[in-house]
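Engineer: What follows is a predicted structure for the sequence shown.
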Amino acid sequence: QARLKELDNIDFVSELELYFQPIIRYDDGQIEFLELLLRWQHRQQGILSAHRFIDDNRIAGLAYPLAKFV
């Protein structure tokens, strides 16, 4: 419940961070694709990876706004 309340007040621009991690092919060292990593700069808990809040995000009805931000 507490996480849902926090998500109601989240500011995507200032609290969420996107990182791009290249996935490299072993055989030729070229980039195969980029993996997108979403992180939440939580006020009390520090940086949270998406698996810690993504399900709550859907429950709070923020899946579309989050996808649009990303």
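Structural biologist: Noted; the coordinates are in hand.
Engineer: Grab the most central residue of this structure for me.
Structural biologist: Geometric centre of the chain, nearest residue: Leu38, 2.4 Å, by C-alpha atoms, centre = their mean.
Engineer: And what about it, helix, strand or coil?
Structural biologist: The three-state assignment at Leu38 reads strand, by DSSP: H, G, I helix; E, B strand; the rest coil.
Engineer: Give the closest residue to it in space, chain neighbours not counted.
Structural biologist: Ala50 (4.4 Å; C-beta to C-beta, 6 or more residues apart in numbering). For the C-beta atoms, the positions are set from N, CA and C on the backbone; glycine is no exception.
Engineer: any idea how far Tyr26 is from the one you found?
Structural biologist: 26 Å (C-beta to C-beta, to the nearest Å).
Engineer: go on, Val13?
Structural biologist: For Val13, the distance to Tyr26 - C-beta to C-beta - is 37 Å.
Engineer: gap between the two ends of stretch 36-47?
Structural biologist: This stretch, stretch 36-47, spans 16 Å end to end (C-alpha to C-alpha, to the nearest Å).
Engineer: So what's the gap between that stretch and the chain middle?
Structural biologist: 8 Å (C-alpha atoms, centre = their mean, to the nearest Å).
Engineer: List the buried residues of that stretch.
Structural biologist: 38-40 (16 or more other C-beta atoms under 10 Å).
Engineer: And for stretch 51-70?
Structural biologist: 53, 57, 60, 62, 66.
Engineer: follow-up on the earlier one: who's more crowded, Ala50 and Tyr26?
Structural biologist: When Ala50 and Tyr26 are compared for neighbours, Ala50 comes out ahead with 15 against 6, by other C-beta atoms under 10 Å.
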